[in-house]
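Engineer: Build me a structure from this.
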Amino acid sequence: LFNSIQAQSDREFWFAAPEVTQGHGDRPILFRFASSSKPAIIRISQPANPNFSPIELSINAYSDTSKDITQYINSVENKPSNTPLNYGFLITSTSSISAYYEVAFTNNAELFPLKGFVSKGKEFLIPGQNTFNNRVPLTPLAHNGFVIVATEDNTNIQIELTNPDETGKYQISINLNKGQTYAVNAASNMVALHIGGSRVTSDKPICVTVYDDSIVIGGWDLIGDQIVPSSNTGKKFIAVKGELSAPGFFASDFLYIWPTEDNTEIIINGNPLTRKYNRGESFEFQLSEYSAYITTDKNVYVFQLT
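Structural biologist: Got it, this is the predicted structure:
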């Protein structure tokens with residue numbers, strides 16, 4: 001019996017890059033690729049941006065390659081927020097590859113794995129961390145937020161925020177064409193006013209990147225990810241502890257469990273929580289052991305800070 005699965009290896013990837021404050025460090029920026037058993041010709045394009053000339057790379061089997069795109073940063077990072085932009089990337093390959101976007105500044109680095117087909121969907125809940133503020137003062141400001149890219153023309157998108165964005169809105173309706181993007185930033189650096197738990201729905205497939213720039217954990221650092229839609233979340237997770245050590249919290253990672261439906265039961269290492277959680281709420285768990293086994297009765301996102 002053979003089953004086909006779609007993971008982070010694919011032949012097509014959509015991606016929208018976050019704005020990262022230059023006041024802390026936002027460059028160089030790169031795409032990195034790795035091939036499997038076949039060589040590949042990789043094409044990097046911005047379908048909505050006629051000023052971006054597509055880039056082609058060749059890669060041998062069982063190899064890796066990188067493309068520094070820092071020279072294009074002003075049409076890569078999605079700023080200003082609350083504005084349709086033409087900065088969405090489409091990456092295609094003649095054979096299966098894995099890919100990620102990297103902000104490679106020494107003291108504000110982060111990797112954004114591109115998830116291919118499984119990242120496309122029509123309903124997303126925005127996960128994130130609920131413990132640490134963004135650093136101030138930095139110029140420009142460091143933001144908590146997310147950015148959307150449309151994969152088809154005439155895509156209608158509805159955004160329901162848990163806290164207001166920079167313009168004070170809780171509800172946003174937008175229409176984007178293929179390759180267009182839209183960034184939403186929280187109005188404040190204070191974690192209590194971040195926009196985790198927000199909901200994004202659309203009538204055609206989109207992809208979403210989440211980011212939290214320069215969060216203060218002793219030092220401060222960028223975190224983020226390309227997320228999957230609610231339909232591709234799950235009910236069973238194994239979290240493996242990394243090496244995060246936040247002052248006042250001992251040596252522990254942080255896990256944030258975000259239900260996609262109301263009345264969700266969460267069980268950690270066989271122990272049910274004392275209450276059930278609704279969509280838009282999250283449960284924070286400090287991971288100080290080597291691992292944790294998480295099960296739920298409805299689909300959830302698990303966001304690990306490590």
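Engineer: From Leu141, how far out is Gln8?
Structural biologist: Distance, Gln8 to Leu141, using C-beta to C-beta, to the nearest Å: 31 Å. Glycine gets a C-beta too; all of them are placed from N, C-alpha and C.
Engineer: and the residue lying closest to Asn269 once chain neighbours are set aside, what does it touch?
Structural biologist: Ranked by C-beta to C-beta, 6 or more residues apart in numbering and with sequence neighbours excluded, the top spatial neighbour of Asn269 is Tyr293, at 5.6 Å. Residues counted as contacts of Tyr293 (C-beta atoms under 8 Å, 6 or more residues apart in numbering) are 236-238, 268-270.
Engineer: Also Pro127?
Structural biologist: Contact analysis of Pro127 by C-beta under 8 Å, 6+ apart lists 196, 210, 227, 256, 258, 282, 301-303.
Engineer: if you set the cut-off to 7 Å instead, what comes out?
Structural biologist: Pro127 makes contact with 196, 210, 227, 256, 258, 301, 303 under the criterion C-beta atoms under 7 Å, 6 or more residues apart in numbering.
Engineer: So what touches stretch 207-214?
Structural biologist: With C-beta under 7 Å, 6+ apart, stretch 207-214 has contacts from 14-16, 18, 20-21, 24, 108, 112, 119-120, 124, 126-129, 134-135, 138, 142-149, 151, 200, 220-227.
Engineer: Helix, strand, or coil at the residue nearest to Asn269?
Structural biologist: Following DSSP: H, G, I helix; E, B strand; the rest coil, the label given to Tyr293 is strand.
Engineer: Against Asn278, how distant is it?
Structural biologist: Shown here: Tyr293 relative to Asn278, a distance of 23 Å by C-beta to C-beta.
Engineer: What sits closest to Pro164 if chain neighbours are left out?
Structural biologist: Nearest non-adjacent residue to Pro164, counting by C-beta to C-beta, 6+ apart: Ala187, 5.0 Å away.
Engineer: Could you report the neighbour count for the one you found?
Structural biologist: Neighbourhood size, Ala187 [other C-beta atoms under 10 Å]: 18.
Engineer: For the stretch 51-200 of the chain, give me the ranges with low pLDDT.
Structural biologist: Residues of the stretch 51-200 of the chain meeting the criterion pLDDT under 70: none.
Engineer: can you pull out the strands in it?
Structural biologist: Here the stretch 51-200 of the chain has its strands, by DSSP state E, counting those that start in this stretch, at 55-59, 64-68, 89-103, 110-114, 121-125, 144-150, 155-160, 171-176, 181-185, 199-217.
Engineer: ranking those strands by burial, who's on top?
Structural biologist: Most buried of the strands of the stretch 51-200 of the chain by mean neighbour count (mean count of other C-beta atoms under 10 Å) is strand 144-150; its value is a mean of 28.
Engineer: What lies in contact with it?
Structural biologist: By C-beta under 7 Å, 6+ apart, strand 144-150 touches 14-16, 18, 78, 81, 88, 126, 128, 134, 157, 176-186, 194-195, 200, 206-212.
Engineer: Near Val76, how many other residues are there?
Structural biologist: Close neighbours of Val76, defined as other C-beta under 10 Å, add up to 23.
Engineer: Next up, the contacts around it.
Structural biologist: 17, 29, 69, 87.
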